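# Sharing a model that was predicted from the sequence below.
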Amino acid sequence: EPEVTQTPSHQVTQMGQEVILRCVPISNHLYFYWYRQILGQKVEFLVSFYNNEISEKSEIFDDQFSVERPDGSNFTLKIRSTKLEDSAMYFCASGRGSGGANVLTFGAGSRLTVL
Amino acid sequence: GENVEQHPSTLSVQEGDSAVIKCTYSDSASNYFPWYKQELGKRPQLIIDIRSNVGEKKDQRIAVTLNKTAKHFSLHITETQPEDSAVYFCAASGGSYIPTFGRGTSLIVHP
């Protein structure tokens, strides 16, 4: 079964440092997403990406965040200057977006710890 | 934007009992309602979904019902087993293809 893969699985960084989280979505999917989940809380939408551009973003996704699809397979989330409150599990997801519904497949997540 | 409310936040049942988790949504344009199961430290995984043109869908011990008029949908798990213990998230999405998640229900099934 196709999978969404994420790297790294866990990253520890100092406050103020830049972090890049990487994702390889399922190859025939067209919609890509980043969600985050603070420990014990709900899954929160950050950003969606379609047709090589951001299609929608949440209030959380401020100027410190950016996304890129640098080649045909990778989808990255960059946090420019990390804050303590950025500590969370970051999930990448992808979907085909067909038939009026979008079934998302999630990656295993990247746990970010900001010290 | 869409707002999804989910109840209860915690549900404790005995093995073999049924469990029901309820969600409401705000955007009448939402037309797709997935349910995800998240085991501790793992990714959310789709367990069942329903589209707005269907009122009920069943897959073995799990079923989902949708009431479009009232804008609520529910997950039903029958004959619960300890391995059903997890956090369950409902979600709703529409034309934007962006699921909005509920806050999650921690289901505990006691042997």
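The structure has been received and is ready for your questions. Residues are numbered from 1 along each chain as shown, chains lettered A, B, ... in the order given.

# Low-confidence ranges, chain B, go.
Applying pLDDT under 70 to chain B picks out no residues at all.

# Strands of that one, start to end?
B:4-7, B:10-14, B:19-25, B:32-38, B:45-51, B:56-59, B:62-67, B:72-77, B:86-92, B:100-101, B:105-110 (DSSP state E).

# Just give me the neighbour total for residue A:109.
Other residues within reach of residue A:109, judged by other C-beta atoms under 10 Å in any protein chain shown, total 23. For the C-beta atoms, the positions are set from N, CA and C on the backbone; glycine is no exception.

# Am I right that it is in contact with residue A:77?
No - counting by C-beta atoms under 8 Å, no contact exists between residue A:109 and residue A:77, whose distance comes to 11.9 Å.

# list the residues that contact both of the two?
By C-beta atoms under 8 Å, 6 or more residues apart in numbering or on different chains, residue A:109 and residue A:77 have these common neighbours: residue A:90.

# List the residues that contact the nearest residue to residue B:6 once chain neighbours are set aside.
Nearest residue to residue B:6, sequence neighbours excluded (C-beta to C-beta, 6 or more residues apart in numbering or on different chains): residue B:102, at 3.0 Å. With contact set as C-beta under 8 Å, 6+ apart, residue B:102 has these partners: A:42, B:4, B:5, B:6, B:23, B:89, B:90, B:91.

# Report the beta-bridge partners for the third one.
The one in question is residue B:5. Assessed by DSSP bridges, residue B:5 has beta-bridge partners residue B:24.

# any idea how far it is from residue B:61?
Using C-beta to C-beta, to the nearest Å, we find residue B:5 at a distance of 25 Å from residue B:61.

# In contact with residue B:29: list those residues for me.
Contacts for residue B:29 (C-beta under 8 Å, 6+ apart) come out as B:94, B:95.

# how far away is it from chain A?
11 Å (C-beta to the nearest C-beta, to the nearest Å).
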